[in-house]
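Chemist: What follows is a predicted protein model with its sequence.
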Amino acid sequence: MVKRTKYLKIDPLVPELHKIRLAARILNRGGVVAFPTETVYGLGANALDSRAVRRIFAAKGRPADNPLIVHIASFRDIKALVAYLPPRANLLMQRFWPGPLTLILPRSEVVPDIVTAGLDTVGIRMPSHPVAQALIRAARLPIAAPSANTSGRPSPTTGRHVLKDLRGKIDAVVDGGPAMVGLESTVLDLTVPVPTILRPGGITYEDLQAVLGEVAIDPAVRGSQVARPRAPGMKYKHYAPRGEVYLVAGELDRVTAKTRALVATWQRTGRRVAVLATRETAPAYEQEPRPDYLEILGSRSQPATIAANLFSALRNCDRHQADVILAEAIAEEGLGLAIMNRLRKSAANRIIQA
Ligand code: TXA
Ligand code: MG
């Protein structure tokens, strides 16, 4: 069904109240609204209304077995959604909320099956973005929201990305400018004896370890093929632009040499080749053989910049009609773990050792 998608440009720091109210009214009536969070744009609906949530799945083309994260705006909203709160959860909420951390907790009865994809757990997070907070408050509802992209595509970090994927399929887009973190929240399972990272994100392993002591990382995070990943979303093709992504890993000099050789090889077969490089390696690609498109994600010493630019860069490769996208691997520490997780998934595990 084609809808007229309302477009609301909003001030990200001091959101205009009348625009927030308009968007909240749509949510209250069972509609779906895309809105900015500090991680990526979310596609929200009333988490307690199965019919509204069904519209999210329809607009995204999302498989029904992939559960949604429920977004709240105040600490007291969590009580109704969970069966109980483990003490560790309180510690983490106090330290990292509002912010890019999703906690997997035992669900309560009020959470509809469609939200949790039938699991007995629910993912909950409190976003820090002023627009997300204002909207959830104004709607007076917990808001179920996956990333606001077509299923399988890179997550949207701007309002324009959302429109490109979902215009005509959702009721409104609230555009508050670029998302700050650029990668989705960290998903942490608290229903197991050792808290386990199911998806790395804005809050790092190191951050969590400092608070919890022991933290595990699900093997799927680093690309191990498991039959049934515990975050169902991790098994699907993901973050994929139209072009084929290859990850080039190894010692830095060898990575640039190998990438340049691959550019030449693929160009000879008539393919358009994009390279996702870093500040440190960019000069290597500013001489022949030149890639058809070069994107410099940021400095290796500032992974936050690389994270903020990554999804946008993957979409830019599409705009430049790249057939092949060569991305350099980076160190898997701090935010690097999340960046490499997304790159590996967008490359469907095609990793070339230089
Ligand atoms: O930063 C974010 O988390 C963004 C913004 C909009 O908040 N949301 C987001 O949602 O990335 P989505 O649906 O694209 O990714 C949610 C991930 C999926 O991999 C899903 O399988 C997992 O979290 N997940 C959700 N509920 C879960 C549960 N109860 N148990 C295990 N994994 C769960
Ligand atoms: Mg997503």
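Modeler: Ah, there it is. Ligands and ions are numbered 1, 2, ... in the order given.
Chemist: which non-adjacent residue is nearest Asp165?
Modeler: In space, Asp165 comes closest to Thr150 once its chain neighbours are excluded; the distance is 4.3 Å by C-beta to C-beta, 6 or more residues apart in numbering. Every C-beta, even on glycine, is put in place using the N, C-alpha and C of the backbone.
Chemist: Same question for Arg153.
Modeler: Leaving out its chain neighbours, the residue that sits closest to Arg153 by C-beta to C-beta, 6+ apart is Asp165, at 6.0 Å.
Chemist: Quick one: residues in contact with the helix or strand encompassing that neighbour.
Modeler: Counting by DSSP states H and E, the element that carries Asp165 is helix 159-166. Identification of contacts with helix 159-166 by C-beta atoms under 8 Å, 6 or more residues apart in numbering yields 5, 7, 9, 34, 36, 41, 43, 59-60, 148-150, 153-154, 156, 173-177, 311-312, 315.
Chemist: For PyMOL, what selects the buried ones among those?
Modeler: Selection of buried members from the contacts of helix 159-166 for PyMOL, criterion 16 or more other C-beta atoms under 10 Å:
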select buried, resi 5+34+36+41+43+59+60+148+149+150+153+154+156+173+174+175+176+311+312+315
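Chemist: where does whatever residue of the stretch 101-250 of the chain ends up closest to ligand 1 fall, helix, sheet strand or coil?
Modeler: Closest to ligand 1 within the stretch 101-250 of the chain is Gly233: 2.3 Å, counting by C-beta to the nearest ligand atom. What DSSP: H, G, I helix; E, B strand; the rest coil gives for Gly233 is helix.
Chemist: number of nearby residues for the nearest residue to it once chain neighbours are set aside?
Modeler: Among residues not flanking Gly233 along the chain, Asn66 sits closest, at 4.8 Å (C-beta to C-beta, 6+ apart). Using other C-beta atoms under 10 Å, the number of residues around Asn66 comes to 17.
Chemist: got the residue ranges for the strands in the stretch 151-300 of the chain?
Modeler: Taking DSSP state E, counting those that start in this stretch, the strands of the stretch 151-300 of the chain run over residues 172-175, 186-189, 196-199, 216-217, 244-249, 273-277, 293-296.
Chemist: Please render those strands as a markdown table that adds mean pLDDT and distance to ligand 1 to the earlier fields.
Modeler: What follows is those, written out as a markdown table (pLDDT from 0 to 100; distance: least, C-beta to the nearest ligand atom, whole Å):
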| stretch | mean pLDDT | distance to ligand 1 |
| --- | --- | --- |
| strand 172-175 | 98 | 12 |
| strand 186-189 | 98 | 5 |
| strand 196-199 | 97 | 5 |
| strand 216-217 | 98 | 14 |
| strand 244-249 | 97 | 19 |
| strand 273-277 | 98 | 21 |
| strand 293-296 | 98 | 23 |
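Chemist: residues in the stretch 151-300 of the chain within reach of ligand 1, list them.
Modeler: Contacts of the stretch 151-300 of the chain with ligand 1, taken as C-beta under 6 Å from any ligand atom, map to Glu184, Ser185, Val187, Leu198, Arg199, Arg230, Ala231, Pro232, Gly233, Met234.
Chemist: Emit the PyMOL select command for whichever of these are buried.
Modeler: If you want just the buried ones from those in PyMOL, going by 16+ other C-beta under 10 Å, the selection is:
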select buried, resi 184+185+187+198+199+230+231+233+234
